[in-house]
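Peer 1: next come a sequence and a model predicted from it.
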Amino acid sequence: MKNFQKNSDLPKPAGSLKGQRLRSTAFALLAKREHSKQELKSKLLLYGASPEELEPLLAELTGNDYQSDERMAGMLVRANMRKGRGPARIQQELKKHHIEAELAEEDIEQVNWLQQAMELRMRKFGEELPTEQKEKVRQVRFLQYRGFNLDICFKAITKNSLDDE
């Protein structure tokens with residue numbers, strides 16, 4: 001199997017991808033990063049793959065667990081959490097990558113979003129709780145932009161820890 005180091009090393013759409021070449025290109029794309037089934041299909045079609053040959057290959061890759069939408073969903077949830085994004089923003093990312101939200105539902109439900117929002121608020125604005133209305137609005141707007149719901153945003157700006165009641 002040929003090693004592909006950069007996207008420019010991948011076969012170009014000039015000819016159509018068939019057989020082993022199609023398979024090698026699919027593996028090269030999956031070796032770089034996880035792809036959803038739809039993303040992989042779109043990329044391979046751009047490289048000139050025929051839809052008739054593509055469906056059995058995608059079924060084989062999924063069947064042998066080389067490609068997994070569940071794994072991609074989990075990876076997206078973890079990556080977006082590290083970036084300080086909330087559940088709504090993660091749902092948008094899943095849609096962008098053509099992944100059903102149900103695949104990541106379990107991963108999303110396991111997270112303590114209030115804890116995430118409070119940590120993000122403290123990292124951005126410091127330990128001190130906002131007292132002025134203008135500052136409260138600013139912090140709530142920031143957390144909403146990051147994908148946290150309004151209820152969690154209000155709780156996050158009124159507490160410094162989960163122990164505060």
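Peer 2: Sure thing, it's come through. Bear in mind that the values here come from a model prediction, so they are computed numbers and not experimental data.
Peer 1: could you report the pLDDT at Leu103?
Peer 2: Model confidence at Leu103, given as pLDDT, is 89.
Peer 1: doesn't it lie inside a helix?
Peer 2: Yes: the assignment for Leu103, made by DSSP: H, G, I helix; E, B strand; the rest coil, places it in a helix.
Peer 1: how near is it to Leu57?
Peer 2: 21 Å (Cβ to Cβ, to the nearest Å). Every C-beta, even on glycine, is put in place using the N, C-alpha and C of the backbone.
Peer 1: with Met118 instead?
Peer 2: For Met118 relative to Leu57 (Cβ to Cβ), the value is 46 Å.
Peer 1: one more: His97?
Peer 2: Using Cβ to Cβ, His97 is found at 20 Å from Leu57.
Peer 1: neighbour-wise, which of these two wins?
Peer 2: Per other Cβ atoms under 10 Å, whichever of His97 and Leu57 has more neighbours is Leu57, with 20 against 17.
Peer 1: tell me if I am right that Pro130 is in a strand.
Peer 2: No: counting by three-state DSSP, Pro130 is not found in a strand; it is coil.
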